[in-house]
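*Asks:* structure for this input, please:
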Amino acid sequence: MECVRAPRPDMVRTFGLVAFAYVALSRGTCCKWKRVVASLIVVNGLLCHLTQTSSCQWLDVVVNTLVILVLNATSPDQPYILLSTLVIFLVWKRCTGRPERAWLHVLGVQWIGAYALTRA
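*Replies:* Take a look at the predicted model:
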């Protein structure tokens, strides 16, 4: 019987969630709903990047897609949010399934996403 190894947690992408944690904890700079959204993204990202299971990764994609759609539909700060979404999507596509591009994911998806959330 062959031993199956559990996937290793993605610590670089987990570290990238710090930007959303900052938004979630910053009471003076963001309204309450942005802090709630940031908290949801942090919890969702921790599940995805620490467990590395396919079901958590699909949940991560679905939740993030819904957040992006709502932000684009409700934000008065257009076209900035739409352009940020385009950059985030292109970087995410380039990084998916490539552990060696984890820092690109942090900078181009997570940190741009957190900044866009503060502007939405």
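*Asks:* list the contacts of the helix or strand that contains Lys93.
*Replies:* Per DSSP states H and E, Lys93 falls inside helix 80-95. For helix 80-95, the external contacting residues (C-beta atoms under 8 Å, 6 or more residues apart in numbering) are 68, 71-72, 75, 101-102, 104-105, 108-109, 112-113, 115-116, 119-120. The C-beta positions use only the backbone N, C-alpha and C, and glycine is treated the same way.
*Asks:* check which helix or strand His23 maps to.
*Replies:* I think there's a mix-up here, since residue 23 is Val and not His. Element membership for Val23, per DSSP H and E: helix 18-25.
*Asks:* one more: Leu71?
*Replies:* Here Leu71, judged by DSSP H and E, is contained in helix 54-74.
*Asks:* that helix: which residues count as buried?
*Replies:* Neighbour-count burial for helix 54-74, with 16 or more other C-beta atoms under 10 Å as criterion, is recorded at Cys56, Gln57, Asp60, Val63, Asn64, Val67, Ile68, Leu71.
*Asks:* and if you look at stretch 39-56?
*Replies:* Going by neighbour count (16+ other C-beta under 10 Å), the buried part of stretch 39-56 is Leu40, Ile41, Val42, Asn44, Gly45, Leu46, Leu47, Cys48, His49, Leu50, Cys56.
*Asks:* give me the contact list for it.
*Replies:* Contacts with stretch 39-56, where a contact means C-beta under 8 Å, 6+ apart, come from 6-11, 13-14, 16-17, 20-21, 24, 57, 59-60, 63-64, 67, 110, 113.
*Asks:* dump the buried residues of stretch 39-56 into TSV; add secondary structure as well.
*Replies:* Below are those laid out as TSV (DSSP: H, G, I helix; E, B strand; the rest coil):
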residue	secondary structure
Leu40	helix
Ile41	helix
Val42	helix
Asn44	helix
Gly45	helix
Leu46	helix
Leu47	helix
Cys48	helix
His49	helix
Leu50	helix
Cys56	helix
